[in-house]
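Peer 1: Build me a model:
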Amino acid sequence: MQQHQPTEIFTLPDGLRIVCLRKQSKVDYFGVTINSGSRDEQPGFYGLAHFVEHTIFKGTTHRRASHIINRMEAVGGELNAFTSKEETTVYSVSPHGNLSRAVELISDLLRNSVFPEKELEKEREVVREEIDSYLDTPSEAVFDEFENLFFNGSQLGHNILGESETLSRFTSDVCRRYITTSYTPNRMVAFYSGMMPPQRVANVIARRFGDMATAGGMAPTRIAPKPVAGFNTRRDLGTHQAHCVMGAAVPGIHSDERIALGLLTNILGGPGMNSRLNVALRECRGLVYTVDANLNMMSDCGLFSIYFGCDPSDTCRCAELVKKELDKITKSPLTERVLAAAKQQYLGQLVVATDNCEQMALSAARATLFFGKVHSPSETRDRIMSLTPDDILHAARHIYPSLFSTLTLG
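Peer 2: Residues are numbered from 1 along each chain as shown. Below is the predicted model:
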């Protein structure tokens, strides 16, 4: 793998952690990842984390919405934000030399948003359109619908977008209370990737974030979901293509099997066209346009899933072929030669991924949030290279075909 770019982590007196990736680049990436997502919402307020992420751009005590959207764009940069089950991230991408501008703006958004009611009403319509658009796209909706079933009865068993009916409850007071209790320094990691020396970066961030109040900043209370009974559900949408997700529970992000499960996922349904599922379903039989495997490991649980889209009449055949590939890899250890080839491919893909500075910065923030450190490329390489056929076989016990649940839309 390429030479490791220096990574440094600082902690401010108020508890905010800062992770800096020193890279020779004409682009700066700065943002904040917050340990608060859709699973931390209260019943009756599902969708609040996502709605707040939308509406912090609608005005602060210092700026109107028009000033916010123009602040980074004026120098050729941009603002982005997204919400997941466990995190909310707000970040900027800009030409090198604009870190102070980005830090000041994002600090203002996270600390001083006022959520004007007039702007909230407009944004409710935007989010309603987003919900309706998502429901009209089965290839996207199937993933969230599957998780709703798989995590039914838990904090994870609802859509990140929420529901149209609950949007009216998200008043200015509700939104402000949410950021006051959730956007606190001990639950946040600021991240930077660029050419500026890390200590200078930390000093710039400290000037805007170093005096945040810590009241209400308790770690989120999360209860690991209880297993649900396996299901095989089909919903007829009358579409020309069926969209299928098959999934099984795996451990969370702190598991010792994290690296083995990552390699296993890559072997079965990674981005390479030579993945076992792609060869079995597409290359050999032409049954699907796309098939892939995904690994989503959260703080206390995880989900391994397989997605494919096919003609509705072929769903049963495709599912059986998937189970056949799972059966092979869960019952027979890989040979040393096959495992060595899989490692080489996986390591090469990770090298290519390091060229994506934006994704590397976001990944470093998440790693700091959950591990308190960023594993270097050499550490990751060593852990992958140390895996044995028995390690892969042991990790594969989580994905026996009999453990899978299935949802098909179409």
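Peer 1: Need the contact partners of stretch 191-198.
Peer 2: 6, 8, 10, 18-33, 91, 96, 99, 201, 205, 357-358, 360-362, 364-365, 368 (C-beta atoms under 8 Å, 6 or more residues apart in numbering). In short, each C-beta sits where N, CA and C put it, glycine included.
Peer 1: Would you report which members of these are assigned to helices?
Peer 2: Among those, the residues falling in helices (DSSP state H) are Leu99, Val201, Ile205, Cys357, Glu358, Met360, Ala361, Leu362, Ala364, Ala365, Thr368.
Peer 1: Most neighbours of all those residues, which one?
Peer 2: In terms of neighbours by other C-beta atoms under 10 Å, these top out with Ala365 at 29 neighbours.
Peer 1: Report the contact partners of that residue.
Peer 2: Val19, Gly31, Val32, Thr33, Thr89, Val189, Ala190, Phe191.
Peer 1: For those residues, give me a markdown table that also has pLDDT, distance to Met297 and neighbour count.
Peer 2: Compiled in a markdown table, those are given as follows (pLDDT from 0 to 100; distance: C-beta to C-beta, whole Å; neighbours: other C-beta atoms under 10 Å):
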| residue | pLDDT | distance to Met297 | neighbour count |
| --- | --- | --- | --- |
| Val19 | 98 | 19 | 26 |
| Gly31 | 98 | 22 | 24 |
| Val32 | 98 | 22 | 25 |
| Thr33 | 98 | 16 | 26 |
| Thr89 | 98 | 17 | 21 |
| Val189 | 98 | 18 | 25 |
| Ala190 | 98 | 23 | 29 |
| Phe191 | 98 | 20 | 30 |
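Peer 1: Send me stretch 337-357 as PDB with only the CA atoms.
Peer 2: Output of stretch 337-357 as PDB, limited to C-alpha atoms (Å, rounded to 0.1, in the frame of the first residue of the first chain):
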ATOM      1  CA  ARG A 337      -4.000 -20.100  -2.900                       C
ATOM      2  CA  VAL A 338      -7.600 -18.800  -3.100                       C
ATOM      3  CA  LEU A 339      -7.200 -16.800   0.100                       C
ATOM      4  CA  ALA A 340      -3.900 -15.300  -1.000                       C
ATOM      5  CA  ALA A 341      -5.600 -14.100  -4.300                       C
ATOM      6  CA  ALA A 342      -8.500 -12.700  -2.300                       C
ATOM      7  CA  LYS A 343      -6.200 -10.800   0.000                       C
ATOM      8  CA  GLN A 344      -4.200  -9.300  -2.900                       C
ATOM      9  CA  GLN A 345      -7.400  -8.100  -4.600                       C
ATOM     10  CA  TYR A 346      -8.800  -6.600  -1.400                       C
ATOM     11  CA  LEU A 347      -5.600  -4.800  -0.500                       C
ATOM     12  CA  GLY A 348      -5.400  -3.400  -4.000                       C
ATOM     13  CA  GLN A 349      -9.000  -2.100  -3.800                       C
ATOM     14  CA  LEU A 350      -8.100  -0.400  -0.500                       C
ATOM     15  CA  VAL A 351      -5.100   1.300  -2.100                       C
ATOM     16  CA  VAL A 352      -7.400   2.600  -4.900                       C
ATOM     17  CA  ALA A 353      -9.800   3.800  -2.200                       C
ATOM     18  CA  THR A 354      -7.100   5.900  -0.500                       C
ATOM     19  CA  ASP A 355      -7.100   8.200  -3.600                       C
ATOM     20  CA  ASN A 356     -10.600   9.300  -2.600                       C
ATOM     21  CA  CYS A 357      -9.600  12.100  -0.100                       C
END
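Peer 1: Give the buried residues for it.
Peer 2: Applying a neighbour-count criterion of 16 or more other C-beta atoms under 10 Å, the buried positions in stretch 337-357 are Leu339, Ala342, Lys343, Gln345, Tyr346, Leu347, Leu350, Thr354, Cys357.
Peer 1: next one: stretch 374-389
Peer 2: Val374, His375, Pro377, Thr380, Arg381, Ile384, Leu387.
Peer 1: Quick one: mark the members of the residues you listed that sit in helices.
Peer 2: Pro377, Thr380, Arg381, Ile384.
Peer 1: Does the second one touch Val351 like I think?
Peer 2: No. Proximity of Thr380 to Val351 does not meet the contact threshold set by C-beta atoms under 8 Å, at 10.5 Å.
Peer 1: that older thread, could you export the ones in helices among the contacts of stretch 191-198 as CSV, including distance to Phe115?
Peer 2: Below are the ones in helices among the contacts of stretch 191-198 laid out as CSV (distance: C-beta to C-beta, whole Å):
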residue, distance to Phe115
Leu99, 27
Val201, 30
Ile205, 25
Cys357, 32
Glu358, 28
Met360, 32
Ala361, 28
Leu362, 26
Ala364, 30
Ala365, 25
Thr368, 29
